[in-house]
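A.B. asks: Next one to model:
(chains A and B)
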Amino acid sequence: KQEVTQIPAALSVPEGENLVLNCSFTDSAIYNLQWFRQDPGKGLTSLLLIQSSQREQTSGRLNASLDKSSGRSTLYIAASQPGDSATYLCAVDPTGGGNKLTFGTGTQLKVEL
Amino acid sequence: AAGVIQSPRHLIKEKRETATLKCYPIPRHDTVYWYQQGPGQDPQFLISFYEKMQSDKGSIPDRFSAQQFSDYHSELNMSSLELGDSALYFCASSLRTGGPGNEQFFGPGTRLTVL
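C.D. replies: Prediction:
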């Protein structure tokens, strides 16, 4: 059974810092990995998707990397802003074609002024 | 751009009542997923549909059923509601056939409270 873990569970940083969120998964047979952002009581916003054949994806200040063989992904946020405060979730798709996402435990990020 | 639409956004029910949640996927998306997120927990997969046929099934109670209609919208029917069913229910959609990597896009969720 796929298990997805995120470290740290919570993180508080001052504005402007660069930071790294970690995601690890136990079964490397994945089709893709997605990073999401969730604000309190709100829906999930897709940030980045990395297919299993890719090593990284970038969108603005966000960069996500994937090392499938070691079961790890990182989300790098550059020049953090208070508006980045949210819970960040990674999720793995074990196979393509309509199968379920298994979510990580999430990292709750707070960026302070 | 159009997003996934869910209705209602909030729902309050009594124990043992029934509830129906609706989901309208992004136009042209062919796959719909349902997830349940309990308080302080990560989302858990319930069930998915591809081209109106059940595609995969997760930890969905027997009291729950779902279907996808000819217009691709989906409904999650929940009967004999229990207190533990109180959660945020998400619908997501993706373009499975020819889509880039099967990226799933989530709706805003329906918050169900069972009293």
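
A.B. asks: Could you tell me how many residues sit around the residue lying closest to B:Glu14 once chain neighbours are set aside?
C.D. replies: Excluding the flanking residues, the one nearest B:Glu14 by Cβ to Cβ, 6 or more residues apart in numbering or on different chains is B:Leu115, at 5.6 Å. Every residue, glycine included, has its C-beta placed from N, CA and C. B:Leu115 sits with 10 neighbouring residues when counted by other Cβ atoms under 10 Å in any protein chain shown.

A.B. asks: Cross-check the contact I'm expecting between B:Leu115 and B:Lys15.
C.D. replies: Yes. The pair B:Leu115 / B:Lys15 is scored as a contact, 7.1 Å apart, by Cβ atoms under 8 Å.

A.B. asks: Could you confirm whether any residue of stretch B:21-28 contacts chain A?
C.D. replies: No. With Cβ under 8 Å from any Cβ of the partner chain as the criterion, chain A is not reached by stretch B:21-28; the gap is at least 11.6 Å.

A.B. asks: which residues of chain B score low on pLDDT?
C.D. replies: With pLDDT under 70 as the threshold, chain B has low-confidence stretches at B:97-101.

A.B. asks: near chain A, which residues of it?
C.D. replies: On the criterion Cβ under 8 Å from any Cβ, chain A has as its neighbours in chain B the residues B:31, B:33, B:35, B:42-45, B:48-50, B:55-56, B:58, B:88, B:90, B:92, B:94, B:96, B:100-109, B:111.

A.B. asks: how about a cut-off of 7 Å?
C.D. replies: B:31, B:42-43, B:45, B:48, B:50, B:55-56, B:58, B:90, B:96, B:101-109 (Cβ under 7 Å from any Cβ of the partner chain).

A.B. asks: Which strand residues bridge the residue positioned nearest the centre of chain B?
C.D. replies: Chain B has B:Trp34 as the residue nearest its centroid, 3.1 Å off, counting by Cα atoms, centre = their mean. The residues paired with B:Trp34 through beta bridges, assigned by DSSP bridges, are B:Ile47, B:Cys91.

A.B. asks: got it, and A:Thr87?
C.D. replies: A:Gln38, A:Gln108.

A.B. asks: Can you get me a residue count around it?
C.D. replies: The number of residues packed near A:Thr87 is 20, by other Cβ under 10 Å.

A.B. asks: How about the one 3 residues further on?
C.D. replies: Under the neighbour criterion other Cβ under 10 Å, A:Cys90 is assigned a count of 32.

A.B. asks: cool, A:Leu89 as well?
C.D. replies: Neighbour count of A:Leu89, defined by other Cβ under 10 Å: 25.

A.B. asks: Quick check: it vs chain B, distance?
C.D. replies: A:Leu89 sits at a distance of 6 Å from chain B (criterion: Cβ to the nearest Cβ, to the nearest Å).

A.B. asks: Likewise for A:Gln108?
C.D. replies: Using Cβ to the nearest Cβ, one gets 10 Å for the distance from A:Gln108 to chain B.
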